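Trainee: Let me see the structure of the following:
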Amino acid sequence: MAFVANKEIQSGYSDYFSLCCIVGDIDHCEPIDLFASCTDLLRREALRILMLILGIAALLGNLVVIIRRVIENDFNVQSILITNLAVSDLLMAVYMIIIAGADIYYRGRYARYAEIWKNSFVCSFAGSISTLSSECSVFILMIMSFDRAVTIAYPFSTVRLNRKRCIKIMGIAWLTVITVSILPVFNRISFVNIPYFVDNYYGRQSVCLALPLTADRYPGWQYAIMIFLAFNFFSFIVIAGSYISIYISVKRTASRVNRGTRRAEEIRMATKMIIIVLTDFMCWFPIILMGIVSEAGAWKLPDEIYVWSATFIIPINSSLNPYLHTIAYMFKKKKYTPAHINY
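Mentor: Got it, this is the predicted structure:
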């Protein structure tokens, strides 16, 4: 900790947010916690309410999707992917509930416990499952979109997913993303030391996120860029390309009177999927653009945009997805007969 005070001009400097609050007459404080105030972990009342509501909605909604899929025991490729997406979104619900719970626990006295909280295992755990959830969801959406594109545009291709391939890909995906998300917290284990991350990768802010949306160069910033910007940008290029190919394929065959029941069902399934993909795309793509612009130094992101992006825009997908699944499921049950493929 660095603290220098000049009694004559009553000014000073501190690199601890909590000390700035306790002393009260420090002119310059680094790092500034964009999300917290001296009294609360979440300084915006709207964020507190939304974090709790979204967390509960995501928890209940995704549990219903998972339980329904297990009870129906109809694990075709799309069901496997949707179940995995629900599990991923469920983890984001856990993250939101942890942060909302910590805000309630530290309400009115956050500054005294700020460093304890940000260096705690709970904060690191919350940050790691947030990364795990967001990146696994993006990967699953990419696989869903690619599979729909291959199925519709190239119906006789051998590249398309079957149940066995889908299970293998999901297993590899989960193992990879789990490793990526927990790697920065290995330094908390006594026999593991990765100097690159120092010892507090997720504890930079009160909400335990490592999003690269500012020009600050914390330890591990290149790692965050590769995960949240490079990988996500690549994934959404694949998603966009997949749906463009679907659109072109459907346009080419639109004039054919008899396209077959199977192909018609595949197109209907892709149409339902695009609603889910678009909601995630509309939330994540602005984050990617803001991160690229910020890292390029072309524009300094206003603090409020950063705060709302990290705590509202990103988690909202996990709350919306299960209800979009449910709406699509109910619509299909009402409109189509059981002879069709279950979605």
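Trainee: C-alpha only now, for contacts and for neighbours.
Mentor: OK.
Trainee: isn't Cys178 right up against Ser130?
Mentor: No Cys there; residue 178 is Ile. No: Ile178 is beyond contact range of Ser130, at 10.8 Å (criterion: CA atoms under 8 Å).
Trainee: higher neighbour count, the two?
Mentor: Ser130 (26 against 18; other CA atoms under 10 Å).
Trainee: Quick one: residues contacting the more buried one.
Mentor: By CA atoms under 8 Å, 6 or more residues apart in numbering, the contact set of Ser130 is 91-92, 95, 209.
Trainee: Most neighbours among the residues you listed, which one?
Mentor: Met92 (31 neighbours).
Trainee: helix or strand for that one, which one?
Mentor: Taking DSSP states H and E as the criterion, Met92 maps to helix 77-105.
Trainee: Which of the residues in the helix or strand following that helix are classified as buried?
Mentor: Where DSSP H and E defines the elements, the next helix or strand beyond helix 77-105 is helix 110-118. Within helix 110-118, the residues scored as buried using 16 or more other CA atoms under 10 Å are 110-112, 114-115, 117-118.
Trainee: Would you map the helices across the stretch 51-200 of the chain?
Mentor: 77-105, 110-118, 121-153, 163-182 (DSSP state H, counting those that start in this stretch).
Trainee: Could you export the last one as CSV, CA atoms only?
Mentor: It stands for helix 163-182. Below are the C-alpha coordinates for helix 163-182, written out as CSV (Å, rounded to 0.1, in the frame of the first residue of the first chain):
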residue,chain,number,x,y,z
ARG,A,163,-25.5,-37.6,-30.7
LYS,A,164,-22.1,-39.2,-30.1
ARG,A,165,-20.1,-36.4,-31.7
CYS,A,166,-22.2,-33.8,-29.8
ILE,A,167,-21.5,-35.4,-26.4
LYS,A,168,-17.7,-35.5,-27.2
ILE,A,169,-17.6,-31.9,-28.3
MET,A,170,-19.5,-30.7,-25.2
GLY,A,171,-17.2,-32.7,-23.0
ILE,A,172,-14.1,-31.1,-24.6
ALA,A,173,-15.7,-27.7,-24.5
TRP,A,174,-16.5,-27.8,-20.8
LEU,A,175,-13.1,-29.2,-19.9
THR,A,176,-11.4,-26.4,-21.9
VAL,A,177,-13.5,-23.5,-20.6
ILE,A,178,-13.2,-24.7,-17.0
THR,A,179,-9.5,-24.8,-17.3
VAL,A,180,-9.4,-21.3,-18.9
SER,A,181,-11.7,-19.8,-16.3
ILE,A,182,-9.9,-21.2,-13.2
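Trainee: Mind checking the pLDDT average for it?
Mentor: Mean pLDDT, helix 163-182: 92.
Trainee: Go through it and flag the buried ones.
Mentor: Here helix 163-182 shows 166-167, 170, 173-174, 177-178, 180-182 as buried, counting by 16+ other CA under 10 Å.
Trainee: List of residues touching it?
Mentor: With contacts defined as CA under 8 Å, 6+ apart, helix 163-182 is touched by 75-77, 80-81, 84, 128-129, 131-132, 135-136, 139.
Trainee: Of these, select the buried ones using a ChimeraX command.
Mentor: Command for ChimeraX, covering only those of the contacts of helix 163-182 found buried under the criterion 16+ other CA under 10 Å:
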select :75,77,80,81,84,128,129,131,132,135,136,139
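Trainee: residues touching Pro315, list them.
Mentor: 54, 92-93, 96.
Trainee: How confident was the prediction at it?
Mentor: 82.
Trainee: Likewise for the one 10 residues further on?
Mentor: Looking at His325, its pLDDT stands at 68.
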